[in-house]
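Novice: Next comes the sequence, and after it the predicted model I'd like to discuss.
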Amino acid sequence: MSATTPGLAPISVRRRASDRFARGILLALTLIALVPLVLIVYELLRKGLGAISWDFFTTDPTGRTCFPGQTTCTIGGVKSAILGTIEIVALAAVIAIPFGIGVALYLVEFGKTGKFANVVRYFVDVMTGVPSVVFGLFVYIVLVVTGIGGTFAAWKGSIALALLMLPVVTRSGEVVLNLVPNQLRESALALGAPRWKVVFSIVLPTALPGLITGSMLAIARAAGETAPLLFTSFSLLGTSFALGNQMNSLPIQIFNDVQAPNDAIVQRAWGSALTLVVGVLLLTTIARLAQRRSKLT
Amino acid sequence: MNPRDTETQTPPAELRTRDVNAPSETAMADAIASATVKGEQPPATGRTLNVDSLQAYYGDNHAVRDITLTYAANRVTAMIGPSGCGKSTVLRCLNRMHEEIPNARAEGQVMLDEIDIYDSKVDVVAVRRAIGMVFQKPNPFPTMSIFDNVAAGLRLAGIKGVDTKQRVEESLRGAGLWEEVKDRLGSPGIGLSGGQQQRLCIARTIAVKPEVILMDEPCSALDPIATLKIEELIEQLKRDYTIVIVTHNMQQAARVADTTAFFLLGDLVEHAPTGKIFSSPDDSRTEDYVSGKFG
Amino acid sequence: MESGTAGGVAQHELRQRFRDELSSLEAHTLGALDLVTMQIDRSLEALEHQDVELAEMIVADDDRLDGRFLEVHQGILSLLALQAPVAGDLRLVAALLHTIKHIERMGDQCVNIAKLIPITGWEPPVDDELLMTILRMGRQARSEVVQCKRAFTERDVALAEDLVRQDREINRANREVFRRAIDIGDDPDTREWAMTMVMVARAYERVGDNAVDIGEQVAFVVSGLFREFSDSSHVPGSK
């Protein structure tokens, strides 16, 4: 640095250029990554919007492959699929969320760094990587083939989905519970609270928004899974509330419709896909809003 | 020389009065020993905490060695010392919070009057109801309102048969917070300033009516004015509770404590009236620490 | 001072205990000036009536002033160690340390006077004019002591500076006593008495000086500046 120029040195031209270059590369990569997302949304809207109508939401699929020109033939909507998805996923959530949060509570509050807790954590990690079809097959072999409670049934589909959701709920639950400052637990203990009260009166309420977020995301994931349902709840045309029997669901409906020779039915498949995506979007948005109310992050 | 004629020369009576209060030598020694012109001390009607041969371990680390010490009733005892000297560990042994840390254990006796809190028949939860604790970082429960925060102590400790509203008001008054929050008891506890939050935590602690209050560096996260307000509060609180305070801030110990204990590397070096520790301590290590030669 | 119910924090200033201790220390210090005033009154009485018993009482009661000095000294050390006063409080504490020393000196001067009285014997020759001057000096010193106490209590710098004016009179009287003693005559008893009176006069003059010094402390507390009101190195009358 020259002795005659006091003060700070200006940015060199070369540094400015390399700065711009790096920014440019990152921007390009981001845009490239966005392209397929945009394309998917575009295709969904283009192909699926046409199927959306009042009938789409209020009538069951007729199962008839109507050919063009058959004026008295209707293909119907996807009411049973939508309701079926809601029922199956709701039951799965009722099973998975309490268990998942329970395991997370055990890991964070009681097991901590113990050997057994570490083993549990390991298995939970493994479970998050298991392909969803494996869950379906597992339930198929254990419950469907053996004929426990009939063959295909909606509740078996729920179990398969619950197995899928469990590790997700536990994982995110563990993260959120660890975010609760230890000082809060200590304060509660120091006031003379037994440990279980510390967990249920202080830790859980504080972590609740985060736990809700994790649960919503798990639900969103499970709602779109096809493979587990293929082997368990199978399919049905009509709207049903009998969990002990087969039931329709959106992923299965899409799976069936896409293979049909009728363009209208294929379009119905796209409409179902669009519905599914919008549903998942709603759940994720609710999850985000719940996250904002959290005082932990 | 003629003897003086006393009849015409009697001086006024007050000049002739021999002062019966003229101090003798022992009286002057007492004056020196009584240190300052100190204010009145509250009567010692509360419970005393006696520690005998206390040892504390973190796994194999012998962090606190053979501590024997008395925390006088209705007085403030400060524990000072450099980082890692064991003062916070000793504090946590006093309400059995030390054992909540994995692999940590304590041995020895801690007597609350005649009861050994480490006795196997004693319920840990009951110990903590009698010996409360205020932590370094103010931590009101985030999901609760001001009212619920103070009442939390009662609810968590399972204390029944108490008029909650009255107890909450009493505790908030006792913590010097009532006037500032009486119109917004329903608003969230974390909406208060740092100093107010700490006073809220103090109110929460005294709501269960403990005998002893332990304070772990209660002011280190607060600004100077909030710190002084809490020190004023401690001065008032000692009328009803025995107080033990761990502090990094020597000036705070000097202002607030009746007696001060100096710890170094897990040992108790000296425990004496605060005036003595800060003017002429017995141990040279104490002298070096308080005059800032190491820390 | 209002205090809340159930031991709540009173709605008053912070560090109230410290403020109470500080004002108590100030009162203790300045209260000693009342003792000095009483000792001066006694000395005047003893001088006027040759009261040897009263003189003995003055000597005995000086223990009180010495004790007060030790108490205040210890109190100041304690306050400095435990409360770390700053700014105005620190100046006050420093001023009190100086002041109690001056007060103790005043007490010692009264003792000196008291010890001189028996030396003159039971019925010494008295030069009325000389005695009157000395008594006037004593009363002047007393008035200075009272005034310096008021100046300190009220933090009145003007009043403190006025002490200089009063002190000049004592100094003038002191010189007068000295001159008179020189011209007192040939009688050895009279001369001996006169020499003793010169020492008494000097003692009163020293009391006055100490009062002025306390006045300087008042100025220091108020302004933070320390300056001598009157420089004794000046030739008298040259200002």
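Specialist: Here it is on my side, so go on. Numbers count the residues shown, from 1 in each chain, chains lettered A, B, ... in the order given.

Novice: how deep is residue 162 tucked in, by neighbour count?
Specialist: No chain in the question, so chain A it is. Using other C-beta atoms under 10 Å in any protein chain shown, residue A:162 has 27 neighbouring residues. All C-beta atoms are positioned from the backbone trio N, CA, C, and that covers glycine.

Novice: wrong chain, I was asking about chain C
Specialist: Applying other C-beta under 10 Å, I find that residue C:162 has 17 neighbouring residues.

Novice: That one and residue C:175: what is the separation?
Specialist: Note on residue C:162: its distance to residue C:175, by C-beta to C-beta, to the nearest Å, is 21 Å.

Novice: Would you map the helices across chain C?
Specialist: C:16-49, C:52-83, C:87-119, C:128-154, C:157-182, C:188-223 (DSSP state H).

Novice: so the residue lying closest to residue B:93 once chain neighbours are set aside is in which element?
Specialist: Leaving out its chain neighbours, the residue that sits closest to residue B:93 by C-beta to C-beta, 6 or more residues apart in numbering or on different chains is residue B:106, at 4.7 Å. Secondary structure from DSSP states H and E places residue B:106 in strand B:104-112.

Novice: same for that strand, what does it pack against?
Specialist: strand B:49-58, strand B:61-71, helix B:87-94 (3 or more C-beta pairs under 8 Å, 6 or more residues apart in numbering or on different chains; DSSP states H and E).

Novice: Give me the contacts around the helix or strand following that strand.
Specialist: Counting by DSSP H and E, the next helix or strand C-terminal to strand B:104-112 is strand B:115-116. Residues outside strand B:115-116 that contact it (C-beta atoms under 8 Å, 6 or more residues apart in numbering or on different chains): B:109, B:110, B:122.

Novice: Which of those residues ranks first by neighbour count?
Specialist: residue B:110 (25 neighbours).

Novice: can you give me the helices for the chain?
Specialist: I went with chain A, as the question did not name one. Going by DSSP H, chain A shows helices at A:13-48, A:54-58, A:79-105, A:115-129, A:132-139, A:154-179, A:182-190, A:195-197, A:204-223, A:227-230, A:250-258, A:263-292.

Novice: Actually, chain B is the one I wanted.
Specialist: B:13-16, B:25-33, B:87-94, B:124-130, B:146-156, B:164-174, B:178-181, B:194-206, B:224-237, B:250-256, B:274-279, B:284-290.

Novice: Can you flag the weakest of those helices by average pLDDT?
Specialist: The weakest mean pLDDT among the helices of chain B belongs to helix B:25-33, with a mean of 45.

Novice: Quick one: neighbours of the closest residue to chain C within chain B, just the number.
Specialist: Of all residues in chain B, residue B:176 sits closest to chain C, at 3.3 Å by C-beta to the nearest C-beta. Look at residue B:176: counted by other C-beta under 10 Å, it has 24 neighbours.

Novice: ok, and the closest non-adjacent residue to residue B:269?
Specialist: residue B:262 (4.7 Å).

Novice: Report pLDDT for the residue nearest to residue B:156 when sequence neighbours are not counted.
Specialist: Of all residues not flanking residue B:156 in the chain, residue A:193 sits nearest, at 3.6 Å (C-beta to C-beta, 6+ apart). On pLDDT, residue A:193 comes in at 91.

Novice: For residue A:193, which residues are in contact?
Specialist: Applying C-beta under 8 Å, 6+ apart to residue A:193 gives the contacts A:201, A:202, B:125, B:156, B:157.

Novice: Which pair in the residues you listed has the greatest spatial separation?
Specialist: A:202 and B:125 (14.9 Å; C-beta to C-beta).

Novice: These two - which one has more neighbours?
Specialist: residue A:202 (24 against 18).

Novice: is it true that the more buried one touches residue A:185?
Specialist: Yes. Between residue A:202 and residue A:185 there is a contact under C-beta atoms under 8 Å: 6.9 Å.

Novice: So what touches the strand holding residue B:106?
Specialist: With C-beta under 8 Å, 6+ apart as the criterion, strand B:104-112 contacts B:47-59, B:64, B:66-67, B:93-94, B:96, B:98-99, B:116-118, B:127, B:130-131, B:211-212.

Novice: can you pull the buried residues of that strand?
Specialist: By 16 or more other C-beta atoms under 10 Å in any protein chain shown, the buried positions in strand B:104-112 come out as B:104, B:106, B:108, B:110, B:111, B:112.

Novice: cool, and stretch C:194-205?
Specialist: C:194, C:196, C:197, C:198, C:200, C:201, C:202, C:203, C:204, C:205.

Novice: what number of residues lie near residue B:185?
Specialist: Around residue B:185 there are 18 residues (other C-beta under 10 Å).

Novice: got it, and residue A:28?
Specialist: Neighbours of residue A:28 (other C-beta under 10 Å): 10.

Novice: quick one: it from residue A:15, how far?
Specialist: Taken as C-beta to C-beta, the span from residue A:28 to residue A:15 is 20 Å.

Novice: For residue A:81, give me the pLDDT.
Specialist: 89.

Novice: Grab the nearest non-local neighbour of it.
Specialist: Closest to residue A:81 by C-beta to C-beta, 6+ apart is residue A:253, at 3.9 Å.

Novice: The one you found contacts residue A:78, correct?
Specialist: Yes. With contacts counted by C-beta under 8 Å, residue A:253 reaches residue A:78, the gap being 5.5 Å.

Novice: of those two, who's got more company?
Specialist: In this view residue A:253 and residue A:78 are compared by other C-beta under 10 Å, and residue A:78 has more residues nearby, 29 against 26.

Novice: Quick check: that one vs residue A:61, distance?
Specialist: Residue A:78 is 6 Å from residue A:61, by C-beta to C-beta.

Novice: Find residues that contact each of these two.
Specialist: With C-beta under 8 Å, 6+ apart as the test, residue A:78 and residue A:61 both reach A:253, A:268.

Novice: Quick one, grab the pLDDT at the nearest residue to residue A:238 once chain neighbours are set aside.
Specialist: In space, and not counting its chain neighbours, residue A:238 is closest to residue A:60: 5.3 Å by C-beta to C-beta, 6+ apart. pLDDT recorded at residue A:60 is 86.

Novice: Backbone dihedrals for residue A:60, please?
Specialist: Main-chain dihedrals, residue A:60, degrees, to the nearest 10: phi -80, psi 160.

Novice: roughly how far apart are it and residue A:253?
Specialist: 10 Å.

Novice: Check residue A:212 too.
Specialist: Taken as C-beta to C-beta, the span from residue A:212 to residue A:253 is 29 Å.

Novice: again with residue C:75
Specialist: 91 Å.

Novice: Please apply the same query to residue B:106.
Specialist: 64 Å.

Novice: is it true that the residue nearest to residue A:238 touches residue A:240?
Specialist: No. Taking contacts as C-beta under 8 Å, residue A:60 lies outside contact range of residue A:240: 9.7 Å.

Novice: Need the overlap of contacts for these two.
Specialist: Common neighbours of residue A:60 and residue A:240 (C-beta under 8 Å, 6+ apart) are residue A:80.

Novice: Any buried residues in stretch C:214-225, and which?
Specialist: C:214, C:215, C:216, C:217, C:218, C:219, C:220, C:221, C:222.

Novice: my guess is the last one contacts residue C:155, does it?
Specialist: In other words, residue C:222. Yes. With contact defined as C-beta under 8 Å, residue C:222 counts as touching residue C:155 (5.4 Å).

Novice: And for the closest residue to chain C within the stretch 151-297 of chain A, nearest residue in space, chain neighbours not counted?
Specialist: Nearest residue of the stretch 151-297 of chain A to chain C, counting by C-beta to the nearest C-beta: residue A:191, 19.5 Å away. Counting by C-beta to C-beta, 6+ apart, residue B:153 is the residue found nearest to residue A:191 once chain neighbours are left out, at 4.6 Å.
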